[in-house]
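Chemist: Here's my sequence, what's the structure:
(chains A, B, C and D)
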2 protein chains.
Amino acid sequence: MADRPRRADAERSIARILDAAVDCLADDPEASMAAIARRAGVVRATIYVHFPTREALIDAITRHAVEHVSAVIAAAQPGAGEPVAALRRVVAAAWRTLGRYHALVAINSRLPSEELHGRHGSALAALEPLIVRGQAAGAFRADVPPSWHLAVILALVHTASAEARAGRIAEDRVEDALVGAVAGAVTT
Amino acid sequence: MADRPRRADAERSIARILDAAVDCLADDPEASMAAIARRAGVVRATIYVHFPTREALIDAITRHAVEHVSAVIAAAQPGAGEPVAALRRVVAAAWRTLGRYHALVAINSRLPSEELHGRHGSALAALEPLIVRGQAAGAFRADVPPSWHLAVILALVHTASAEARAGRIAEDRVEDALVGAVAGAVTT
DNA sequence: TTGATCTCAGACACAGCTGTCTGCTTTACT
DNA sequence: AGTAAAGCAGACAGCTGTGTCTGAGATCAA
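Modeler: Numbering: from 1, shown residues only, chains lettered A, B, ... in the order given. Coordinates of the predicted model:
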């Protein structure tokens, strides 16, 4: 990442490009490099200076997003306290952050499949111990694999993001609705 | 649809094209007309004989799918019996059918937004009375709009489809997992 | 069997996107 | 103030996909 020293304006450009890419791809997973460049206020060639291919760019934002979300999850201490309470706390904490990266899943989910599931896995992996713990404690359904619960949680977060984005649910109700749905879907 | 009388082989071609389109787009929402033609065992030009544009084709399969699913939902009698039991019954009935059309949502969800939500709406509309009924009876959460519950149900069905497709959950466990998750997510 | 309908095979123009390259100007570091 | 790094503008080739068209052959229907 920090290979060689970059000039300040280069650093700035990269940041703007990454930001624009996340925003553009949230609207349309097929957004072109031209569209991304336009939103970043940069010329298309500039993107190619920093990212050799489109794939490399998507790679970079995916990596960045996963790190970000993983950190947020870890900060919410999934290992502390009673499982259901911990789950509610962690989901609530992750919700706003994850919403921003909503589209990345759509992009990546149509890749060689497992290769990318591994990446999001690294974010979900931060959550898995909590799921296992909850199943062992009898708080979460144990007749399904942990991956099922993780998929359900991810799907519900995305649903919350989409519904809020579409204005079909009040902003101040989303977190409650999401946390409640997750808790209900996962518990026995 | 049945504008003018078509020859039997034309009817056959159309059916094969629609089938192939659903299958192809399930694998990749961006599947090309060439890919669809190939799977249909038909030459690309033949598709254009029956469907003027790619959009018209997607339109046709979407319409077809929505009708199909709506019929299945209606056949499961969402109006009969206790809300939670009715929901379990309806979701179980719709699950296999809906799974096949999994990808159509992905395609359509990136359209002018509300225009398409209206289409799936027509399938979900068959479900809405049940949701409202359950909320009034105190069985379902009433602090969120019915559209929230509908979105959650749709998302969970898609999750089930994806997890089953990826082999992360046993085929004979999916229905149970889905129905349980839906019931838990929606009830108070 | 005959005529209308349909499919096939293959070409075509057109558009959009990707990735590369050029020369020129602006901006940051020391 | 001078040098190196970065951005801009605009062009380019190559590929892929869409939609159209043709002419020849196969298939259905009356």
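
Chemist: can we go C-alpha only for contacts and neighbour counts from here?
Modeler: Fine.

Chemist: Run through the residues that contact the residue nearest in space to the middle of chain A.
Modeler: Centroid-nearest residue in chain A, with C-alpha atoms, centre = their mean: A:Leu98, separated by 4.2 Å. By C-alpha atoms under 8 Å, 6 or more residues apart in numbering or on different chains, the contact list for A:Leu98 reads A:Val69, A:Val157.

Chemist: mind listing what's buried in the strand or helix carrying it?
Modeler: In this assignment (DSSP states H and E), A:Leu98 forms part of helix A:83-100. For helix A:83-100, a neighbour-count test (16 or more other C-alpha atoms under 10 Å in any protein chain shown) marks A:83-84, A:86-95, A:98-99 as buried.

Chemist: for stretch A:134-153, same thing?
Modeler: A:134-135, A:139-142, A:144-153.

Chemist: now, the most widely separated pair of these?
Modeler: A:Ala139 and A:Ala151 (17.8 Å; C-alpha to C-alpha).

Chemist: From the buried residues of stretch A:134-153, which land in helices?
Modeler: Mapping the buried residues of stretch A:134-153 onto helices (DSSP state H) picks out A:Gly134, A:Gln135, A:Pro146, A:Ser147, A:Trp148, A:His149, A:Leu150, A:Ala151, A:Val152, A:Ile153.

Chemist: these two touch, right, the fourth one and B:Ala166?
Modeler: Going back to what we said before, that points to A:Ser147. No. With contact defined as C-alpha atoms under 8 Å, A:Ser147 does not count as touching B:Ala166 (11.2 Å).

Chemist: close to DNA strand C, is the helix or strand hosting A:Arg63?
Modeler: In the assignment (DSSP H and E), A:Arg63 maps to helix A:54-75. Yes. Interface with DNA strand C: helix A:54-75 contributes A:Arg54, A:Glu55 (C-alpha under 7 Å from any atom of the strand).

Chemist: which other helices and strands contact that helix?
Modeler: helix A:8-27, helix A:83-100, helix A:114-124 (3 or more C-alpha pairs under 8 Å, 6 or more residues apart in numbering or on different chains; DSSP states H and E).

Chemist: which other residues reach it?
Modeler: In contact with helix A:54-75 (C-alpha under 8 Å, 6+ apart) are residues A:18, A:21-22, A:33, A:51, A:90, A:93-94, A:97-98, A:101, A:104, A:119-120, A:122-124, A:126-127.

Chemist: Drop anything exposed from these.
Modeler: For those, buried by 16+ other C-alpha under 10 Å: A:18, A:21-22, A:33, A:51, A:90, A:93-94, A:98, A:101, A:104, A:119-120, A:122-124, A:126-127.

Chemist: Contacting DNA strand C as well, which ones from those residues?
Modeler: Among those, DNA strand C is touched by A:Met33 when using C-alpha under 7 Å from any atom of the strand.

Chemist: Low-confidence regions, chain A specifically.
Modeler: Counting by pLDDT under 70, chain A has low-confidence residues at A:1-4, A:102-103, A:105-122.

Chemist: Mind doing that once more with 90?
Modeler: A:1-6, A:25-30, A:62-70, A:95-126, A:154-155, A:157-159, A:161-167, A:188 (pLDDT under 90).

Chemist: Wait, A:Trp95 touches A:Val157, no?
Modeler: Yes. Using C-alpha under 8 Å, A:Trp95 makes contact with A:Val157 at a distance of 6.5 Å.

Chemist: A:Ile169: how many residues sit nearby?
Modeler: A:Ile169 has 19 neighbours, counted by other C-alpha atoms under 10 Å in any protein chain shown.

Chemist: Then the one 3 residues further on?
Modeler: Neighbouring residues of A:Asp172 were enumerated by other C-alpha under 10 Å; the total is 9.

Chemist: could you measure it against DNA strand D, distance?
Modeler: 38 Å (C-alpha to the nearest atom of the strand, to the nearest Å).

Chemist: what do you get for A:Gly167?
Modeler: 31 Å.

Chemist: and what of A:Ala177?
Modeler: On the measure of C-alpha to the nearest atom of the strand, A:Ala177 and DNA strand D end up 39 Å apart.

Chemist: And for that residue, the neighbour number?
Modeler: There are 21 residues near A:Ala177, going by other C-alpha under 10 Å.

Chemist: Around DNA strand D, pick out the residues from chain A.
Modeler: A:5-7, A:9-14, A:41-43, A:45-46, A:49-50.

Chemist: Buried only: go through those for me.
Modeler: A:Ser13, A:Ile14.

Chemist: Among the buried residues of helix A:83-100, which one sits closest to A:Ala177?
Modeler: Taking these together and measuring to A:Ala177 by C-alpha to C-alpha, the closest member is A:Ala92, at 10.4 Å.

Chemist: near chain B, which residues of chain A show up?
Modeler: With C-alpha under 8 Å from any C-alpha of the partner chain as the criterion, chain A meets chain B at residues A:27-28, A:110, A:144-145, A:147-148, A:151-152, A:155-156, A:159, A:163, A:168-169, A:173, A:177, A:180-187.

Chemist: Quickly find the element holding A:Val132.
Modeler: Counting by DSSP H and E, A:Val132 is found in helix A:128-136.

Chemist: Check the offset of that helix from the chain's centre.
Modeler: In terms of C-alpha atoms, centre = their mean, to the nearest Å, the centre of helix A:128-136 is found 21 Å from the chain centre.

Chemist: angle of it against helix A:83-100?
Modeler: Counting by axes from the mean of the first three to the mean of the last three C-alpha atoms, to 10 degrees, helix A:128-136 lies at 150 degrees to helix A:83-100.

Chemist: name the helices or strands packed onto helix A:128-136?
Modeler: Contact analysis of helix A:128-136 by 3+ C-alpha pairs under 8 Å, 6+ apart lists helix A:83-100, helix A:146-166 as its packing neighbours.

Chemist: Kind regards, and thank you for your time.
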